[in-house]
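1. How does the following fold in three dimensions:
(2 chains)
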2 protein chains.
Amino acid sequence: MSSGFGKVTLVGVGLLGGSLGLALKQRGLAETITGVGRRQEVIDAALAIGAIDAGTQSLESAIRGADLIVLCTPAALILQQLDTVRARVAPHVVVTDVGSTKAEICAHARSNWSKPLRFVGSHPMAGSEKFGPEHATATLYEGCVTIVEPNDDHAVDAHDTVCALWRAVGARVILVPPQLHDDIVARTSHIPHVIAALLAELASASGNVTDFTGKGFRDATRIAAGRPELWRDICLTNRAAIADGLREFGERVDSVRRLVEQGDAEALEQFFRSAQDARRKVLGHD
Amino acid sequence: MSSGFGKVTLVGVGLLGGSLGLALKQRGLAETITGVGRRQEVIDAALAIGAIDAGTQSLESAIRGADLIVLCTPAALILQQLDTVRARVAPHVVVTDVGSTKAEICAHARSNWSKPLRFVGSHPMAGSEKFGPEHATATLYEGCVTIVEPNDDHAVDAHDTVCALWRAVGARVILVPPQLHDDIVARTSHIPHVIAALLAELASASGNVTDFTGKGFRDATRIAAGRPELWRDICLTNRAAIADGLREFGERVDSVRRLVEQGDAEALEQFFRSAQDARRKVLGHD
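-> This next block holds a predicted model:
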């Protein structure tokens, strides 16, 4: 191994791509890092912070000669890029992604790429409401859980390389089948995001209410400040799980509404108490 | 004026009562501070941090000789305490509260107390998911918006004293009619709290998902860690506004669910974009 992961191409150099570039360079784990951006300003910003050595708007030229390609764009773009990459890469190349949804992306690769697969889907759970290379940091992945699809039809070396990549930048790798991943994150991430967006809209519909909002509202809606294209793509590539969860959520909203209308003190207190317990359990405080 | 607000009685010495005691003492604004608690441990904790000079479980004995009485308990208790206080206080006494809902509490005083009213409802918007005197700080009210009901049938000196109290501990006083207050905070505070609790339950229903939760989930659900009795009482004393808002919220959830089911990329992106704008507007960032 000449220099860690060799020639690395980061497709997308925003928060996630830029942070991966910084983390690899800080650790001396890449021979060169080429970044692909759709807009020249973003490429320039990634170059300026030292996340990449070279940048281009051309995916085709950026993947030529690469050893490791990481797709760091919103999910719908990843699906298109998988086709471009598949048609043009050499047999030894390893490809992964950072998409927030996995079932559609991994199924697309499984249907279209030759076996053993050299694309291994991953999801470093390091996102935030921030985006763009200006928020990138070399430490973003430290201690972060990264979901990688289990080795199924994959080339062993490709699967090993993807796991090694995330561990090398400080992440904790967990192997989870793509559909199970999507079903769970629908409820721990995607639906909370949709709901936070709806809370912002509900409050906004009451006019100027700034004086009536505090830290609670700010925290509860923070994720709604996320990038609209990213969340659009998440909804589009995890439709069934998000729609099912939203249906269940709507029913839960209705049942609490009925408790409020009935003024059922005991049931309301029990609801808040069990939610408090549920949160502790979900966050692993027990 | 001998010493600021004279003899002050704090009914309830948790986060809000305890912090008010600390803030008044730090500024030398009370001759003595007596605290009322339902449990001796809480009284002892308030004494230990120096939030009160004396403590008792008896509301009747604590209000004897008081100049200013502040009711710092959950809303349903405040309603009962208003009756106890009304029957026993001297004519010069000023009474206020910190209840998170105002319409029912202020209407109760207006119906039962003699005019001009010496009870003036207030709501310092300083709560958090924390509770208990152990979290009390002398700075809790600094910079905090405090809603006070406009002077309507109130004694002018009582209304002035209540406004002066909150300003003295660093709060920014805004006069808002009780029902308008309740309608707005239903959407900026109460419904976000119910929804955060439901998000915790939805995630918890998927089993052990701790590895799939990050800062986003933690922030979005933080308010669900609040005190169950407090939120029960908020729901019970702001029923119509919370139920109406939850009904509207449920309809909004349904319409986004339909966009997800239809895979309507343009409408989804527009939804997330307008929510992002709505949040900025609500938080006053524009």
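
2. and the longest helix along chain A, how far out from the chain's middle?
-> As assigned by DSSP state H, the longest helix anywhere in chain A is helix A:239-262. Computed by C-alpha atoms, centre = their mean, to the nearest Å, the chain-centroid distance of helix A:239-262 equals 26 Å.

3. Could you list every helix and strand that it packs against?
-> Counting contacts by 3 or more C-beta pairs under 8 Å, 6 or more residues apart in numbering or on different chains; DSSP states H and E, helix A:239-262 packs against helix A:191-204, helix A:265-283, helix B:191-204, helix B:239-262. C-beta here means a position set from N, CA and C on the backbone, and glycine is covered the same way.

4. Rounded mean pLDDT for that helix, please.
-> Mean per-residue pLDDT for helix A:239-262: 98.

5. Helices of the stretch 1-150 of chain A, residue ranges please.
-> For the stretch 1-150 of chain A, the helices defined by DSSP state H, counting those that start in this stretch cover A:15-26, A:40-48, A:59-63, A:75-88, A:103-112.

6. Tell me the gap between the third one and the middle of its chain.
-> Helix A:59-63 has its average C-alpha position 23 Å from the chain's average C-alpha position, going by C-alpha atoms, centre = their mean.

7. Now do the buried residues in it.
-> Burial within helix A:59-63, assessed by neighbour count using 16 or more other C-beta atoms under 10 Å in any protein chain shown, is assigned to A:Leu59, A:Ala62, A:Ile63.

8. Tell me the one of these nearest chain B?
-> Of all the buried residues of helix A:59-63, A:Leu59 has the smallest distance to chain B: 21.1 Å, by C-beta to the nearest C-beta.

9. Am I right that the closest one is in contact with A:Gln81?
-> Yes - counting by C-beta atoms under 8 Å, A:Leu59 does reach A:Gln81; the two are 6.4 Å apart.

10. Find residues that contact each of these two.
-> A:Val11 (C-beta atoms under 8 Å, 6 or more residues apart in numbering or on different chains).

11. do the strand or helix carrying A:Ile234 and chain B meet?
-> Using DSSP states H and E, A:Ile234 maps to helix A:228-237. Yes - using C-beta under 8 Å from any C-beta of the partner chain, helix A:228-237 reaches chain B at A:Pro228, A:Glu229, A:Trp231, A:Arg232, A:Cys235, A:Leu236.

12. tell me what that helix is packed against?
-> Using 3+ C-beta pairs under 8 Å, 6+ apart: helix A:228-237 touches helix A:75-88, helix A:103-112, helix A:191-204, helix B:265-283.

13. again, only this time at 7 Å
-> helix A:75-88, helix B:265-283 (3 or more C-beta pairs under 7 Å, 6 or more residues apart in numbering or on different chains; DSSP states H and E).

14. Report whether the last one contacts chain A.
-> Yes - judged by C-beta under 7 Å from any C-beta of the partner chain, helix B:265-283 comes into contact with chain A through B:265, B:268-269, B:271-273, B:275-276, B:278-279, B:281-283.

15. one step back: compare the helices and strands packed on helix A:239-262 and report which one is nearest to B:His154.
-> Nearest to B:His154, of all the helices and strands packed on helix A:239-262, is helix B:239-262, at 23.6 Å by C-beta to C-beta.

16. Can you check what pLDDT the model gives A:Ile174?
-> Per-residue confidence at A:Ile174 stands at 97 (pLDDT).

17. Which secondary structure state does it sit in?
-> Using DSSP: H, G, I helix; E, B strand; the rest coil, the structure places A:Ile174 in strand.

18. Chain neighbours aside, what residue packs nearest to A:Val176?
-> Leaving out its chain neighbours, the residue that sits closest to A:Val176 by C-beta to C-beta, 6 or more residues apart in numbering or on different chains is A:Ile147, at 4.9 Å.

19. Actually, A:Leu79.
-> A:His108 (5.5 Å).

20. How about A:Arg257?
-> Distance criterion C-beta to C-beta, 6+ apart; nearest residue to A:Arg257, sequence neighbours excluded, is B:Leu246 at 4.0 Å.

21. now swap in A:Asp67 and tell me
-> A:Gly6 (3.4 Å).

22. so who does the one you found touch?
-> By C-beta atoms under 7 Å, 6 or more residues apart in numbering or on different chains, the contact list for A:Gly6 reads A:Glu31, A:Asp67, A:Leu68.

23. ok, the last one - contacts?
-> Which is A:Leu68. With contacts defined as C-beta under 7 Å, 6+ apart, A:Leu68 is in contact with A:Phe5, A:Gly6, A:Val8, A:Val94, A:Thr161.

24. gap between stretch A:40-54 and the chain center?
-> Mean-position distance between stretch A:40-54 and its chain equals 21 Å (C-alpha atoms, centre = their mean).

25. Return the set of buried residues in that stretch.
-> Of the residues in stretch A:40-54, A:Val42, A:Ile43, A:Ala45, A:Ala46, A:Leu47, A:Ile49, A:Ala51, A:Ile52, A:Asp53 count as buried by neighbour count, 16+ other C-beta under 10 Å.
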